[in-house]
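quick one: sequence and predicted model below, then my questions.
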Amino acid sequence: MKQKLFFIGLGIFFVAAGVAHYTHQGPILQFILSCVAVIFVAGFLGKATESVAHYAGERVGGFLNATFGNAAELIIAIILIKDAVNGKPQLFEMVKASITGSIIGNLLLVLGLSVLLGGIKFKTQRYNVMLAGHNASLMLLAVIALFIPAMFFTKLTPGETNTLSLVVAGILIVCYFLWLYFSMVTHKDELADSQVVDEHQEVPWSKGRSILYLVVATVMVALVSEWLVGTVEEFAHLFGLSELFVGAFLIAIIGNAAEHSAAVMLAMKNKIGAAVEIAIGSSLQIALFVAPVLVFISFFMGETMNIVFTVAELVAIGVSVFIAKSISRDGSTNWYEGVLLIAVYLILGIAFFLV
């Protein structure tokens, strides 16, 4: 009965948000309907992810959720890049701000809420220690890759900066695919879930239907996210919000709504391995794959988006990686560690809001 009511609510608000968008209703109405629709769609994606994780394991399930969740992020960014190339170059900065927001949002807000709420229900939650160590190293690689172009920016011409950005982007993409090969093939057993999946656990959907629903939910997330982003700029102007805050926090939170929901739901069911894979894995995917791909997409569109981030963005990413690495490296979590992550997120949010 609950599932039936959920799907009815999903259908009603998804259709209502679409109608409001395509009939050009007021930005406030569009924003509210799209926000509610995002909540339902995120819940749908979370249920599909949990079902897939039952068949494929927590790591693969979390990886699929992060990948499908970031598909919406990628679509939103491509739309902004297209507009930037067509006469709105300031939108490149919003894209980079949204990348920053996605990284810190996943490392601090998504992981923080998952650890906090999961830790309230279960005193200590554990996951693969070796995986935690590799995640920490990859997070540091992401920080290094973003810091170096910014440090050499003043000594390079615009053309050289674009060349450096493309080279760094290419290296990161290669490293990301090698990490997938390492973690999913050559060292799959060493990085396996620390908890055994209960084969007798009841799941609402078959394997084929779970995968189908995961794809359908991703398409719905992409559509609702696009509708929501279309209202954000006007909504921000109505309330006097800066583009940096909009890009780093509003768009990032909206784009990652599905992952927020799925990670928290899994952590509260003591599946912290999948929650960590969604939160940290999604941040790594944004930094090592999505951001570099956007650099190449902008290049092929005719105007390269460099990978030079502002000092504020670099500091935000740096402190986020530092605290997330400190908390996750031992392969265990508790509710107070979630408080620490959320505290850092709130500090950064206030700072970005005031800039």
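Noted; the coordinates are in hand. Numbering: from 1, shown residues only.

give me the buried positions along whatever helix or strand I12 lives in.
Secondary structure here is read from DSSP states H and E; on that basis I12 sits in helix 2-22. Of all the residues in helix 2-22, those buried under the rule 16 or more other Cβ atoms under 10 Å are L10, F13, F14, A16, A17, G18, A20, H21. Where C-beta positions appear, they are placed from N, C-alpha and C, glycine not excepted.

now for the fourth one: which residues touch it?
Listed by Cβ atoms under 8 Å, 6 or more residues apart in numbering, the contact set of A16 reads L33, A37.

look up how far L10 lies from it.
11 Å (Cβ to Cβ, to the nearest Å).

quick revisit: quick one: mean pLDDT for the helix holding I12?
With pLDDT averaged residue by residue, helix 2-22 scores 87.

which parts of the longest helix seen in the chain are buried?
For the chain, the longest helix by residue count, based on DSSP state H, is helix 207-238. By neighbour count on 16+ other Cβ under 10 Å, the buried set for helix 207-238 is 210-211, 213-214, 217-218, 220-225, 227-233, 235-236.

how far off helix 207-238 does the helix holding I12 point, in degrees?
Following axes from the mean of the first three to the mean of the last three Cα atoms, to 10 degrees, one obtains 40 degrees for the angle between helix 2-22 and helix 207-238.

quick one: residues contacting F152.
Remark: with contacts taken as Cβ under 8 Å, 6+ apart, F152 is in contact with L164.

tell me the pLDDT of it.
pLDDT, the model's per-residue confidence, is 85 for F152.

what do you get for D193?
64.

next one: the one 3 residues further on
Per-residue confidence (pLDDT) for V196: 47.

A324 now?
As summarised for this prediction, A324 has a pLDDT of 88.

quick one: least confident helix or strand in the protein?
When the helices and strands of the chain are scored by mean pLDDT, DSSP states H and E, helix 252-255 comes last with a mean of 67.

mind checking what helix or strand follows it in sequence?
For helix 252-255, the succeeding helix or strand toward the C-terminus, using DSSP H and E, is helix 257-267.

report all helices and strands that that next one contacts.
Applying 3 or more Cβ pairs under 8 Å, 6 or more residues apart in numbering; DSSP states H and E, we find helix 257-267 packed against helix 27-56, helix 58-85, helix 111-121, helix 207-238, helix 272-285.

least confident of those, on average?
Between the helices and strands packed on helix 257-267, the model is least confident about helix 58-85 (mean pLDDT), which shows a mean of 75.

how many neighbours does the residue nearest to G46 when sequence neighbours are not counted have?
If you skip the residues right next to it in sequence, G46 has A262 as its closest partner in space, 3.6 Å away by Cβ to Cβ, 6 or more residues apart in numbering. Residue neighbour count, defined by other Cβ atoms under 10 Å, stands at 33 for A262.

surely A262 meets S51?
No. A262 is not in contact with S51 according to Cβ atoms under 8 Å; the separation is 11.1 Å.

who's in contact with I297?
Listed by Cβ under 8 Å, 6+ apart, the contact partners of I297 are I78, I81.

what separation do you get for the residue nearest to W335 when sequence neighbours are not counted and G331?
Of all residues beyond its chain neighbours, the one nearest W335 is G119 (3.0 Å), with distances taken as Cβ to Cβ, 6+ apart. Using Cβ to Cβ, one gets 14 Å for the distance from G119 to G331.

more neighbours: the two, which one.
Neighbours were tallied for G119 and for G331 using other Cβ under 10 Å; the higher tally belongs to G119 (21 against 18).

hang on, the more buried one packs against Y336?
Yes. Here G119 lies in contact with Y336, judged by Cβ under 8 Å, at a distance of 7.4 Å.

setting aside sequence neighbours, what's the nearest residue to C175?
Of all residues not flanking C175 in the chain, L288 sits nearest, at 6.1 Å (Cβ to Cβ, 6+ apart).

for L191, same thing?
Distance criterion Cβ to Cβ, 6+ apart; nearest residue to L191, sequence neighbours excluded, is L131 at 4.8 Å.

where does that neighbour land in three-state SS?
Using DSSP: H, G, I helix; E, B strand; the rest coil, the secondary structure recorded for L131 is helix.

need the pLDDT of it.
Turning to L131, the model gives it a pLDDT of 81.

separation between the nearest residue to G9 once chain neighbours are set aside and L266?
With Cβ to Cβ, 6+ apart as the criterion, G9 has its nearest non-adjacent residue at 5.6 Å, and that residue is F40. Going from F40 to L266 by Cβ to Cβ gives 18 Å.

looking at these two, which is more packed in?
Relative neighbour count places L266 above the other of F40 and L266, with 27 against 22, counting by other Cβ under 10 Å.

is that one in contact with L113, as I believe?
No. Under the criterion of Cβ under 8 Å, L266 is not in contact with L113, lying 11.6 Å apart.

can I get stretch 115-130 in CSV, CA atoms only?
Output in CSV follows, covering the C-alpha atoms of stretch 115-130 (Å, rounded to 0.1, in the frame of the first residue of the first chain):
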residue,chain,number,x,y,z
VAL,A,115,27.2,8.7,9.1
LEU,A,116,25.1,10.7,11.5
LEU,A,117,21.7,9.0,10.9
GLY,A,118,23.2,5.6,10.4
GLY,A,119,25.3,6.1,13.6
ILE,A,120,22.3,7.0,15.7
LYS,A,121,20.7,3.7,14.8
PHE,A,122,23.9,1.6,14.9
LYS,A,123,26.6,2.5,17.4
THR,A,124,29.6,1.7,15.0
GLN,A,125,29.4,0.9,11.3
ARG,A,126,32.3,-0.6,9.5
TYR,A,127,33.4,-1.0,5.8
ASN,A,128,36.5,-2.2,3.9
VAL,A,129,39.6,-0.5,5.4
MET,A,130,41.7,-1.1,2.2
